[in-house]
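> Structure for this input, please:
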Amino acid sequence: MDNQNIRNAARKERLMQAYPAGSRVELIGLCNNEPGMPGGLRGTVIGVDDWPALLMEWDNGRTLSLLPGEDSFRKLTAEETEAENQDAVITQGGPAIKMG
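Predicted structure coming up:
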């Protein structure tokens with residue numbers, strides 16, 4: 001294995017640790033102007049490829065990968081992810097919940 005492959009393997013391992021499958025991220029901006037991918041769009045990490053890039057399933061149905069170091073994004077906090085999960089439960093058509 002040459003030095004570049006060793007660096008990519010180490011980088012891939014760091015990305016897998018930082019963004020395990022199921023992590024939620026929010027797009028800030030892409031390195032290119034990709035239609036239908038606005039800042040603020042959220043998605044779920046489904047894996048890391050050998051490039052290494054984050055393989056994504058976006059909430060708009062797209063599967064465009066993220067290139068760390070080129071694209072801008074942030075990982076959602078545990079609190080933000082929990083709030084999303086709570087919103088999903090409420091909007092799934094379950095029983096009405098009286099608030100307050």
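
> ranges for the helices of the protein?
Per DSSP state H, the chain carries helices over the ranges 3-18, 78-91.

> can you tell me how far the residue nearest the centre of the chain sits from Arg7?
For the chain, the residue sitting closest to the mean C-alpha position, by C-alpha atoms, centre = their mean, is Val25 at 3.5 Å. Using C-beta to C-beta, to the nearest Å, Val25 is found at 23 Å from Arg7. C-beta coordinates here come from the backbone N, C-alpha and C atoms, glycine included.

> same thing with Gly39?
Relative to Arg7, Gly39 is positioned 30 Å away (C-beta to C-beta).

> Not counting residues beside it along the chain, what's closest to the residue nearest to the centre of the chain?
Excluding its sequence neighbours, the residue lying closest to Val25 (C-beta to C-beta, 6 or more residues apart in numbering) is Phe73, at 4.9 Å.

> The one you found contacts Leu66, doesn't it?
Yes: here Phe73 lies in contact with Leu66, judged by C-beta atoms under 8 Å, at a distance of 5.7 Å.

> Comparing those two, which shows the higher neighbour count?
Taking neighbours as other C-beta atoms under 10 Å, Phe73 and Leu66 compare with Leu66 leading, 23 against 20.

> if we look at the sheet, which residues does that one bridge to?
For Leu66, the beta-bridge partners under DSSP bridges are Leu54.

> Could you check how far it is from Asp87?
23 Å.

> Same question for Asp71.
26 Å.

> ok now do Asn60, which residues does it touch?
With contact taken as C-beta atoms under 8 Å, 6 or more residues apart in numbering, Asn60 is in contact with Gly36, Met37, Leu41.

> thought the first one was touching Asp59?
This points to Gly36. No: using C-beta under 8 Å as the test, Gly36 is too far from Asp59 to be in contact (11.5 Å).

> of those two, who's got more company?
Per other C-beta under 10 Å, whichever of Gly36 and Asp59 has more neighbours is Asp59, with 14 against 10.

> Show the contacting residues for the more buried one.
The contact partners of Asp59, by C-beta under 8 Å, 6+ apart, come to Leu41, Arg42, Gly43.
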